[in-house]
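1. below is the sequence, then the predicted model.
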Amino acid sequence: MGKLEEYQNNAARLMPFAWVLGTVFWVAWILLIYTGECLNPSYHALQTVVMQQYAVSTAALVLTIVVAATHDSAAYDLLRKGRFVLLAGLIASLATVGCIAATYLQLPLPVFLAFAALTGMGTAVVALKLFSKFAELGIRTMVIYASLSLITAFLCYNFFLQLPGLIEKALLSLLPLCASAFSLTAASEGGFEADNGSQTLPPGFKSLIGGLFVLGFAASFMRGHSIGRLSADLFADERILVSLWVTFLGIVFVALALVASEKFSFTRFIYHVFLAISIVLFALWLTGDDSIVVLSAFDCCSAAISSSSWILLSAIAFKTSASSIKVVGYGSGAVYGGSLVGWAGGEIVYGILPIGAIGIGMIALVLFAEFFLMNEKKLEKMLDVPVEKADFALPENTCESLDAYQKPGFRDHCAQVAEQYNLSRREREVFMLMAKGIDARTIGERLFISYNTVRTHVRNIYAKLGVHTHAEFVQLIASDKDLP
């Protein structure tokens, strides 16, 4: 075991939730770098430069995560390598320094944009590492962690704005590297020790990412033609408004996760959040207004789409056997890609087409996305898809094959077997549930881990026990001669 791997294991054991801080740092970096807070105000037309930076960096991020989703097996292997993730964070940090330095040294704009592209590529790697960890958590736990991460990130963003310029720039440059370092603790129980999952996406997923793309497009279109219309003060006020809105949304999610009953469906709730966002977008476009207040409302919708899609995609990866890299990569790529195309489209057509004509088109797109591409029945069908079987997976119902579990002393016998074969704490928990004849999906729900993580534990248990099939497993632990 190398020194870096030893650090990962020790950090994961001592700081099991440190990777959440990595998420906070990543989101805070996004907020700071894409608002141009640390750039030289006299560099070209700064607001235009900030938008170009956003476009290039986001395009690089989208391209990277979509390529990773397309070649998810290779991406999975790379993301398990701590050195690769740290290198990506280091590149993003150095590129951030390059962006800041380019504006103060008055370097040519292409140089600045080249650094911006590197920031997008580097942080995409960190994002995949972190977001895939969220997909390994139980839905209730994931909602709490994701919401608290967003709230804390916005608090950090507002704190950074109060710091002296030089300190703010230095800390901003360190955020991607810190995020990548903390993300390495995501290797504990699940994370990238878990199986990569099925190469097949759940039915209806393509329609879902189409709907996410359209909603991201419709919410960001107004940004494009707002370039140059917001003064620095108005822009700051708008950021505060969006921060308050996302904080409120996060508090609602956390409260629901803490008090909702076991029967409460978070995926259905997220669908209705998207429905509410669609209704607001419909109303905003219907007004035909492009005032500052309406622009701020569009930005709030865009932020709600990004945060809600994060939770929805993680839930889909958790509930199905699909590769988390595929689900998160394609889904996030659709959201960010739609936002990017919407921003570019708004900049191009503003002043060419009347706002009323644009509004009619956007209303049609939103209705199409919500009621055809993302309807509730398709989402329920996607999440109810049967898990894929593998040669090491448990049958759906094996209770009748383990009648020995009812015999006196069998539980103690199973505990002795687990100790004899040196099973880890989590492997013992999975082992005991397997011995009861409980299927893999139910094991995941009881232990609040994903199906893919259960598959990994089952594979490890089989390897330690020296068995290859479920029948051999049953024979080993249920044989009369093995009972005390």
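-> Everything's here; your move.
2. residue closest to the middle of this protein?
-> What sits nearest the mean C-alpha location of the chain, by C-alpha atoms, centre = their mean, is Phe131, with 3.3 Å.
3. could you list the domains of the chain?
-> Using the TED database, the domain parsing of the chain gives 16-186+204-384, 389-478.
4. winner for burial among these?
-> Highest mean neighbour count of the domains of the chain: domain 16-186+204-384, a mean of 20 (counted as mean count of other C-beta atoms under 10 Å). Every residue, glycine included, has its C-beta placed from N, CA and C.
5. doesn't Gly331 make contact with the residue nearest to the centre of the chain?
-> No - Phe131 is not in contact with Gly331 according to C-beta atoms under 8 Å; the separation is 9.4 Å.
6. mutual contacts of the two, please.
-> Leu313 (C-beta atoms under 8 Å, 6 or more residues apart in numbering).
7. per-residue pLDDT, the closest residue to the residue nearest to the centre of the chain other than its chain neighbours?
-> Once flanking residues are discounted, Phe131 sits nearest to Val328: 4.7 Å by C-beta to C-beta, 6 or more residues apart in numbering. Note on Val328: pLDDT of 88.
8. ok, so what distance separates Val328 from Ala127?
-> 8 Å (C-beta to C-beta, to the nearest Å).
9. before we move on, what about Leu174?
-> 17 Å.
10. likewise Val27?
-> According to C-beta to C-beta, Val27 and Ala127 sit 10 Å apart.
11. and the strands in the stretch 101-250 of the chain, which stretches?
-> Under the criterion DSSP state E, counting those that start in this stretch, the stretch 101-250 of the chain contains no strands.
12. where does it have low pLDDT?
-> Within the stretch 101-250 of the chain, the set of residues satisfying pLDDT under 70 comprises 186-199, 223-236.
13. that one: helices as residue ranges?
-> Taking DSSP state H, counting those that start in this stretch, the helices of the stretch 101-250 of the chain run over residues 109-134, 139-160, 165-183, 205-224, 232-259.
14. got these as a markdown table, with distance to Ala55 columns?
-> Listed next are the helices of the stretch 101-250 of the chain as a markdown table, based on distance: least, C-beta to C-beta, whole Å:
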| stretch | distance to Ala55 |
| --- | --- |
| helix 109-134 | 9 |
| helix 139-160 | 21 |
| helix 165-183 | 19 |
| helix 205-224 | 10 |
| helix 232-259 | 17 |
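15. between those helices, which one is closest to Leu63.
-> Checking the helices of the stretch 101-250 of the chain against Leu63 by C-beta to C-beta gives helix 109-134 as the closest, at 7.9 Å.
16. which secondary structure elements does that closest one contact?
-> helix 18-33, helix 46-70, helix 72-79, helix 82-104, helix 139-160, helix 165-183, helix 292-319, helix 324-349 (3 or more C-beta pairs under 8 Å, 6 or more residues apart in numbering; DSSP states H and E).
17. pull the CA atoms of the third one into CSV?
-> What follows is helix 72-79 as a C-alpha-only set of coordinates in CSV (Å, rounded to 0.1, in the frame of the first residue of the first chain):
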residue,chain,number,x,y,z
ASP,A,72,-17.4,5.2,-17.6
SER,A,73,-15.3,2.1,-17.0
ALA,A,74,-12.1,3.9,-17.8
ALA,A,75,-13.3,6.9,-15.8
TYR,A,76,-14.1,4.7,-12.8
ASP,A,77,-10.5,3.3,-12.8
LEU,A,78,-9.0,6.8,-13.0
LEU,A,79,-11.2,8.2,-10.3
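18. model confidence over that helix, on average?
-> Averaged across helix 72-79, pLDDT comes to 86.
19. report the distance from it to the chain centre.
-> 16 Å (C-alpha atoms, centre = their mean, to the nearest Å).
20. which residues touch stretch 152-160?
-> By C-beta under 8 Å, 6+ apart, stretch 152-160 touches 23-28, 31-32, 37, 168, 171-172, 239-240, 243, 246-247.
21. give the contact list for the residue nearest to Phe131.
-> Listed by C-beta under 8 Å, 6+ apart, the contact set of Val328 reads 65, 69, 128, 131-132, 135, 313-314, 317.
22. next, format these as TSV and append distance to Leu78.
-> Below are the contacts of Val328 laid out as TSV (distance: C-beta to C-beta, whole Å):
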residue	distance to Leu78
Ile65	13
Ala69	13
Leu128	9
Phe131	15
Ser132	12
Ala135	17
Leu313	20
Ser314	21
Ala317	18
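23. closest to Gln416 out of these?
-> Ala135 (35.0 Å).
24. surely the closest one touches Gly329?
-> No - if you go by C-beta under 8 Å, Ala135 and Gly329 don't touch, sitting 11.0 Å apart.
25. shared neighbours, Val27 and Ala127?
-> Shared contacts of Val27 and Ala127 (C-beta under 8 Å, 6+ apart): none.
26. can you pull the residues that touch both of Val328 and Ala127?
-> By C-beta under 8 Å, 6+ apart, Val328 and Ala127 have these common neighbours: Ile65.
27. re earlier: what's the closest of the helices of the stretch 101-250 of the chain to Ile438?
-> That would be, of the helices of the stretch 101-250 of the chain and by C-beta to C-beta, helix 139-160, which comes in at 19.1 Å.
28. so how far is the closest one from its chain's centroid?
-> For helix 139-160, the distance to the chain centre is 12 Å (C-alpha atoms, centre = their mean).
29. extract the CA atoms of it and return them as CSV.
-> Written as CSV, here are the backbone C-alpha positions of helix 139-160 (Å, rounded to 0.1, in the frame of the first residue of the first chain):
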residue,chain,number,x,y,z
ILE,A,139,-31.7,8.9,-0.3
ARG,A,140,-32.6,10.5,3.1
THR,A,141,-28.9,10.8,4.1
MET,A,142,-27.9,12.1,0.7
VAL,A,143,-30.6,14.8,0.8
ILE,A,144,-29.3,16.0,4.1
TYR,A,145,-25.7,16.1,3.1
ALA,A,146,-26.3,17.6,-0.3
SER,A,147,-28.5,20.4,1.1
LEU,A,148,-26.1,21.2,4.0
SER,A,149,-23.3,21.3,1.4
LEU,A,150,-25.1,23.9,-0.7
ILE,A,151,-26.1,26.0,2.3
THR,A,152,-22.5,26.0,3.7
ALA,A,153,-21.1,26.8,0.3
PHE,A,154,-23.2,29.9,-0.1
LEU,A,155,-22.3,31.0,3.4
CYS,A,156,-18.6,30.5,2.5
TYR,A,157,-19.2,32.5,-0.7
ASN,A,158,-20.6,35.5,1.2
PHE,A,159,-17.8,35.2,3.8
PHE,A,160,-15.1,35.2,1.1
